[in-house]
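Asks: Quick one: sequence plus predicted model below, questions after.
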Amino acid sequence: MAKILNSARTKIARETRAKSDPGFPQMGEVHYLEWLKQQHDVHSFGLYFEIGTEGGASLALAKCPAIAVDPAFKLDSEVLNNAAELHLFQTTSDAFFAGGFLERYGRAVDFAFLDGTHKVEFLLRDFMNVERHMSPGGTVTMHDCVPMSFPASERDWDKSKTRRWTGDVWKLVPILRAYRPDLEIRVLNLPPSGIVQVRNLDPDNSVLTEAYDEIVDKYVPLSLKGFGLEALVESLQLESVKKNVSAKVASPHRWEQTFEAKSGSLKIAIKTPRARTQNAGKIVDYSFARALANSLLNLGHAVRIDSGQNWYESTQGTDFDLLLRGRGGFEQQADIPYVMWAIYPGKQDRHQITQEEVSSAAHSFFASELAYTRFRDAGNANTSVLMQGFDPSIMFPPKTENQKGTVFVGSNHFSKDGIRPIIRMALDAEHATKIWGRGWRGTQAEASLQHTRLDNLKLGDCYRGARIVLCDHMRSMREGGYVSNRIYDALACGAAVISDDIQGLPDAFEADVFRCQSTMDFVEAVREIEEESYETRAARLDRARKMHGQHSLFHRAAEIGEKLLELKKKGAS
């Protein structure tokens with residue numbers, strides 16, 4: 001668990017008490033280091049990157065591999081306290097990016113914190129450079145963009161006028177709003193001088209690069225008095241961050257910190273299918289819920305995850321229970337409306353979704369066009385389609401086409417002859433397949449077993465490196481049109497998929513999912529994929545990149561959030 005070290009606590013106490021001059025935005029009660037800690041505690045970042053480390057207070061919070069750049073490190077924190085891997089570059093950020101380390105390192109950045117030189121052209125270049133290396137669904141954060149006084153906003157620090165200086169990086173928010181309206185920008189009132197959070201990044205966007213000289217000529221000579229304090233406040237659209245219970249992945253049933261969004265925020269209790277409470281993070285259903293919770297948090301809602309026996313724990317103030325419906329058994333709690341997302345239907349002989357469940361829910365989402373149509377035609381108007389999705393921080397395509405081999409990740413179950421159907425086809429076709437999962441020892445597939453478990457954070461790397469990902473479905477899913485999220489994960493990573501003959505496959509997936517009913521079909525699918533041209537594989541990677549604008553769990557969470565706000569406005573019960 002990331003910790004705020006004692007060396008930073010005095011800084012937090014001092015900066016949280018500081019006030020801005022009249023007319024300037026006032027900061028809240030959650031310090032930016034406390035907020036950064038919460039980000040590291042909640043999210044499972046694959047790579048953290050920062051510019052402007054100095055003493056190391058922010059770097060010490062990272063729990064994942066980390067890269068830090070500073071021309072003059074003055075480390076007084078235990079920066080290796082949490083990070084699994086750490087790279088320090090004592091150089092300027094321009095020199096670092098010119099050196100090409102990130103290209104050679106080969107991993108995209110999930111979370112970046114930019115706190116370097118307090119001049120707008122430097123921060124603009126840092127943003128432009130790091131955006132090119134961000135993962136889909138990644139976040140860039142920037143410090144010191146909310147000045148506390150006119151002297152603090154000047155390009156040069158006059159220490160006779162102010163002890164607190166942010167420079168002219170306040171200009172970056174107006175610049176991004178003017179030149180990159182495609183970005184999702186939030187400015188948070190975190191002491192001492194705000195945090196700018198930027199999402200919906202596009203590594204291929206060249207607008208800022210092409211307009212760089214124009215931007216510098218226009219904005220560098222500009223003073224805050226010339227721009228106008230009121231105009232800046234309007235551009236910032238400052239949002240409050242509540243002082244709330246810190247998020248702890250190890251205690252998923254606690255409320256997590258939220259933004260006080262202008263459009264209103266909700267307290268949402270995600271109910272995962274009943275499972276053991278021990279090692280919740282190792283359960284696939286929990287990993288899905290964790291990714292969905294991260295997306296809801298980023299949209300401004302408070303979230304908690306209740307798994308196993310925590311379904312009915314006290315949830316005072318809960319606006320909605322969100323049931324991720326797999327196995328049944330959930331009963332609506334008094335005075336708390338619930339919404340159901342049927343992500344898979346359960347087995348034929350039990351756990352089937354009933355008309356009673358659908359009619360009692362405030363709304364039911366179905367990850368199946370076929371199931372939605374069946375319940376809608378039976379008179380259930382409170383239904384809609386919400387297909388599966390993927391975690392954009394983990395599942396994204398490789399930068400270049402260099403994928404090889406065939407993989408399958410999943411346990412050996414719902415089979416009649418001791419082998420899952422898709423692996424049976426691979427064995428009969430004598431096709432080499434690497435397998436991760438439980439239940440394969442003692443079977444004909446044991447020789448292909450790599451390990452009984454693959455960490456969810458490494459699953460994206462596995463799919464990105466494969467040419468083919470295998471997938472199959474239990475009968476109720478296959479016939480009911482519930483497309484496995486394994487297909488979404490694999491396609492988002494740019495792999496081709498060989499699957500059993502799933503019904504209800506989205507039309508957009510037809511070119512990349514090869515459906516089989518027999519070993520002969522399987523052999524033909526492998527042949528077709530292996531003989532694909534370079535252009536065909538490049539087109540698949542392009543479709544993978546486009547998936548991030550349509551099918552990620554961030555987009556699913558946005559649909560859920562909109563529906564819940566609509567239901568709350570109507571007084572759902």
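Replies: That came through, no problem.

Asks: what about the helices in the stretch 1-150 of the chain?
Replies: 6-17, 32-42, 93-99, 101-105, 120-131 (DSSP state H, counting those that start in this stretch).

Asks: tell me, which of the ones you listed is the model least confident about?
Replies: Lowest mean pLDDT of these: helix 6-17, a mean of 70.

Asks: Quick one: the strands in the stretch 201-350 of the chain, in order.
Replies: 240-241, 259-260, 267-271, 302-306, 320-325, 338-342 (DSSP state E, counting those that start in this stretch).

Asks: Adjacent strands (with direction) for the last one?
Replies: Translated: strand 338-342. Strand pairing for strand 338-342, determined by DSSP bridges: strand 320-325 (parallel), strand 363-366 (parallel).

Asks: Could you do the third one as well?
Replies: Its sheet considered, strand 267-271 pairs with strand 302-306 (parallel), strand 320-325 (parallel) by DSSP bridges.

Asks: one step back: any idea which of the helices of the stretch 1-150 of the chain gets closest to A342?
Replies: helix 32-42 (26.3 Å; Cβ to Cβ). No exception for glycine: its C-beta is placed from N, CA and C like everyone else's.

Asks: then the closest one to CSV, C-alphas only?
Replies: These are the backbone C-alpha positions of helix 32-42, laid out as CSV (Å, rounded to 0.1, in the frame of the first residue of the first chain):
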residue,chain,number,x,y,z
TYR,A,32,-2.5,16.8,-4.1
LEU,A,33,-0.2,14.2,-2.5
GLU,A,34,-3.1,12.6,-0.7
TRP,A,35,-5.0,12.5,-4.0
LEU,A,36,-2.0,11.0,-5.8
LYS,A,37,-1.8,8.3,-3.1
GLN,A,38,-5.4,7.5,-3.6
GLN,A,39,-4.9,7.1,-7.4
HIS,A,40,-2.1,4.6,-6.7
ASP,A,41,-4.1,2.7,-4.1
VAL,A,42,-7.2,2.4,-6.3
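
Asks: where does the protein have low pLDDT?
Replies: 1-10, 81-83, 243-264, 274-284, 308-309, 314-315, 346-351, 414-417, 573 (pLDDT under 70).

Asks: Centroid-wise, who is the farthest residue in it?
Replies: Largest separation from the mean C-alpha position in the chain: S160, at 44.4 Å (Cα atoms, centre = their mean).

Asks: gap between that residue and V483?
Replies: The gap separating S160 from V483 is 66 Å, by Cβ to Cβ, to the nearest Å.

Asks: try R467
Replies: 21 Å.

Asks: And these two? Which one has more around it.
Replies: Legend: neighbour count by other Cβ atoms under 10 Å for R467 and V483, higher for V483 (26 against 19).

Asks: Next, the more buried one: secondary structure please.
Replies: Three-state call for V483 (DSSP: H, G, I helix; E, B strand; the rest coil): coil.

Asks: That one: what's it in contact with?
Replies: V483 makes contacts with A367, S368, M387, Q388, H473, M477, I502, G504, L505, P506, F509, as judged by Cβ atoms under 8 Å, 6 or more residues apart in numbering.

Asks: again, but for M142
Replies: F113, L114, D115, L123, F127, V169, L172, I195, V196, V198.

Asks: Tell me what it is bridged to.
Replies: Bridge pairing for M142 (DSSP bridges) gives the partners L114, V196.

Asks: any idea how far it lies from L114?
Replies: Distance, M142 to L114, using Cβ to Cβ: 5 Å.

Asks: for G194, same thing?
Replies: Remark: distance between G194 and L114 (Cβ to Cβ) = 13 Å.

Asks: what's the overlap in contacts for these two?
Replies: By Cβ under 8 Å, 6+ apart, G194 and L114 have these common neighbours: H143.

Asks: need the helices for the stretch 251-400 of the chain, in chain order.
Replies: Here the stretch 251-400 of the chain has its helices, by DSSP H, counting those that start in this stretch, at 284-298, 355-360, 369-377.
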